[in-house]
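*Asks:* mind folding the following:
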Amino acid sequence: MKYPFHTQSKPVVGETAKKLIEAIDAGKAVTNERALALAKRIADRILAERKSAASTKSE
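*Replies:* Have a look, this model is predicted:
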């Protein structure tokens, strides 16, 4: 994805900034439910493909 050069990030403030600072200090990540659901679907798909590939190899 290409971004124009004139874009700027918005500052992180308030409760979001507190959560981000806590996550950085704890060595964790900040994410939302949609991102977690997407990651789970991707991981499930990869595991299913590996399982399918392993079952066809043994035949």
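*Asks:* only C-alpha atoms for contact and neighbour calcs from this point on.
*Replies:* Will do.
*Asks:* show me the shaky parts of this protein.
*Replies:* 1-7, 57-59 (pLDDT under 70).
*Asks:* max-length helix in this structure?
*Replies:* helix 33-57 (DSSP state H).
*Asks:* give the buried residues for that one.
*Replies:* Neighbour-count burial for helix 33-57 flags no residue at all (criterion: 16 or more other Cα atoms under 10 Å).
*Asks:* and for the nearest residue to Leu20 once chain neighbours are set aside, the neighbour number?
*Replies:* Nearest residue to Leu20 in three dimensions, chain neighbours excluded: Val30, at 6.4 Å (Cα to Cα, 6 or more residues apart in numbering). Neighbourhood size, Val30 [other Cα atoms under 10 Å]: 12.
*Asks:* helix, strand, or coil at Val30?
*Replies:* Classification of Val30 by DSSP: H, G, I helix; E, B strand; the rest coil places it in coil.
*Asks:* Lys19 and Thr31 touch, don't they?
*Replies:* No: taking Cα atoms under 8 Å as the definition, Lys19 is not a contact partner of Thr31, at 10.2 Å.
*Asks:* which one's more surrounded, these two?
*Replies:* Legend: neighbour count by other Cα under 10 Å for Lys19 and Thr31, higher for Lys19 (14 against 9).
*Asks:* for the more buried one, which non-adjacent residue is spatially closest?
*Replies:* Lys19 sits nearest to Val30 (Cα to Cα, 6+ apart), 7.4 Å away.
*Asks:* in the helix or strand encompassing Glu22, what's buried?
*Replies:* Following DSSP states H and E, one finds Glu22 within helix 14-26. Across helix 14-26, burial judged by 16+ other Cα under 10 Å covers Leu20.
*Asks:* got the CA positions of it in PDB?
*Replies:* Taking Å, rounded to 0.1, in the frame of the first residue of the first chain, the C-alpha atoms of helix 14-26 are listed here in PDB:
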ATOM      1  CA  GLY A  14      -5.800   9.800  27.000                       C
ATOM      2  CA  GLU A  15      -6.700   6.300  28.000                       C
ATOM      3  CA  THR A  16      -5.200   4.900  24.800                       C
ATOM      4  CA  ALA A  17      -1.800   6.400  25.600                       C
ATOM      5  CA  LYS A  18      -1.900   4.900  29.100                       C
ATOM      6  CA  LYS A  19      -2.700   1.500  27.700                       C
ATOM      7  CA  LEU A  20       0.200   1.800  25.200                       C
ATOM      8  CA  ILE A  21       2.700   2.900  27.800                       C
ATOM      9  CA  GLU A  22       1.600   0.000  30.100                       C
ATOM     10  CA  ALA A  23       2.000  -2.500  27.200                       C
ATOM     11  CA  ILE A  24       5.400  -1.200  26.300                       C
ATOM     12  CA  ASP A  25       6.600  -1.300  29.900                       C
ATOM     13  CA  ALA A  26       5.300  -4.900  30.200                       C
END
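*Asks:* great, nothing more from me.
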